[in-house]
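Novice: Sequence and computational prediction follow.
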Amino acid sequence: MLTLIENALENFLAEDDGQAIVMLNLLRFREDGGRERYTEYLAVASPIVARFGAEIVYVGNGLPALSAEPGQAWDAVALVRYPNRRAFADMVMDAEYRDRATPMREAALAEAVLQPLQTASS
């Protein structure tokens with residue numbers, strides 16, 4: 001499973017309103033080939049993600065930050081849309097994701113932030 005903040009997944013699910021979410025992934029790669037390993041991770045993770053009704057919407061490389069403190073710039077970002085919070089939780093607890101994809105992700109990344117996003121109500 002992904003390394004999540006203690007109780008974060010339980011709280012995340014407790015507030016589930018059934019609406020779609022987008023997970024913002026802020027990514028900092030390991031210097032020893034992390035970017036390449038992350039590409040390999042995406043190839044393995046994409047079909048798993050799809051099994052849970054989710055889709056990788058965007059993956060892009062970070063450019064030099066225009067407004068950030070030292071160390072706040074990210075190497076890349078990814079946006080993944082999930083049909084609901086439960087789909088995300090089920091995916092990260094899935095045996096194939098946990099056993100195949102998670103070790104690849106962890107080997108690729110020096111640091112990451114997972115920030116769930118939901119459409120703002122008007």
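Specialist: Received it, and whenever you're ready, just let me know what you need.
Novice: How far does the strand or helix carrying residue 58 sit from its chain's centre?
Specialist: For residue 58, the element it lies in under DSSP states H and E is strand 55-61. Put simply, strand 55-61 sits 10 Å off its chain's centre (CA atoms, centre = their mean, to the nearest Å).
Novice: what does the average pLDDT come to for whichever helix or strand comes after that strand?
Specialist: Counting by DSSP H and E, the next helix or strand C-terminal to strand 55-61 is strand 76-82. Averaged over strand 76-82, pLDDT sits at 97.
Novice: can you dump the C-alpha coordinates of strand 76-82 into PDB?
Specialist: What follows is strand 76-82, C-alpha atoms only, in PDB (Å, rounded to 0.1, in the frame of the first residue of the first chain):
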ATOM      1  CA  ALA A  76       6.600  15.900 -12.300                       C
ATOM      2  CA  VAL A  77       2.900  15.800 -11.600                       C
ATOM      3  CA  ALA A  78       0.200  13.300 -12.400                       C
ATOM      4  CA  LEU A  79      -3.500  13.600 -12.300                       C
ATOM      5  CA  VAL A  80      -5.600  10.500 -11.900                       C
ATOM      6  CA  ARG A  81      -9.400  10.600 -11.900                       C
ATOM      7  CA  TYR A  82     -11.300   8.100  -9.800                       C
END
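Novice: List of residues touching it?
Specialist: 20-27, 29, 35, 38, 49, 52-62, 88, 91 (CB atoms under 8 Å, 6 or more residues apart in numbering). Bear in mind the C-beta positions are built from the backbone N, C-alpha and C, glycine included.
Novice: Now restrict those to buried residues only.
Specialist: Among these, the ones that count as buried by 16 or more other CB atoms under 10 Å are 21-23, 25-27, 29, 38, 49, 52, 54, 56, 88, 91.
Novice: Cross those against strands and list the overlap.
Specialist: 21-23, 25-27, 29, 56 (DSSP state E).
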